[in-house]
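Participant: Provide a 3D model corresponding to the input given below.
(one chain, ligands or ions: 1)
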Amino acid sequence: MKCGKCETYTMKTECCGQKTAKAGPAKYSPHDQYARYRRAAKSDQLREEGLI
Ligand SMILES: [Zn+2]
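Facilitator: Sure, this is the predicted structure:
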């Protein structure tokens with residue numbers, strides 16, 4: 001679940017006085033953060049190679 005107001009992920013059904021929305025299972029996971037890290041690393045590599 002995710003609060004659309006404070007954008008906090010929670011297991012509660014309510015946050016900030018309003019109902020939370022269902023969050024996709026892949027949106028808040030270590031795998032997603034790892035993918036983001038890999039993307040950043042690749043970006044750095046391309047910059048070093050002068051491709052960006
Ligand atoms: Zn909230």
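
Participant: I figured Lys2 hits Ala21, correct?
Facilitator: Yes. In this structure, Lys2 is within contact of Ala21 by CB atoms under 8 Å, at 5.6 Å. (Glycine included, C-beta is placed from N, CA and C.)

Participant: For those two, work out which one has more neighbours and name it.
Facilitator: More neighbours surround Lys2 than the other of Lys2 and Ala21, with 17 against 10 (other CB atoms under 10 Å).

Participant: OK, contacts around the closest residue to that one other than its chain neighbours?
Facilitator: Spatial nearest neighbour of Lys2, excluding adjacent residues (CB to CB, 6 or more residues apart in numbering): Ala23 at 4.0 Å. With contact set as CB atoms under 8 Å, 6 or more residues apart in numbering, Ala23 has these partners: Met1, Lys2, Tyr9.

Participant: Tell me the pLDDT of Ala23.
Facilitator: Ala23 is assigned 78 on the pLDDT scale.

Participant: what's the answer for Tyr37, then?
Facilitator: Looking at Tyr37, its pLDDT stands at 71.

Participant: which ones are touching it?
Facilitator: Under the criterion of CB under 8 Å, 6+ apart, Tyr37 has no neighbours.

Participant: Spell out the secondary structure type for it.
Facilitator: In three-state terms, and counting by DSSP: H, G, I helix; E, B strand; the rest coil, Tyr37 is helix.

Participant: Excluding residues flanking it in the chain, which one is nearest Lys5?
Facilitator: Cys16 (4.0 Å).

Participant: Also Lys22?
Facilitator: Spatially, and ignoring its direct neighbours in sequence, Lys22 is nearest to Met1 (6.2 Å; CB to CB, 6+ apart).

Participant: Which positions in this protein make contact with the ion?
Facilitator: Counting by CB under 5 Å from the ion, the residues of the chain close to the ion are Cys3, Lys5, Cys6, Cys15, Cys16.

Participant: List only those of those residues flagged as buried.
Facilitator: Cys3, Cys15 (16 or more other CB atoms under 10 Å).

Participant: on that earlier part again, switch the contacts of Ala23 over to TSV; also include pLDDT.
Facilitator: What follows is the contacts of Ala23, written out as TSV (pLDDT from 0 to 100):
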residue	pLDDT
Met1	92
Lys2	93
Tyr9	92
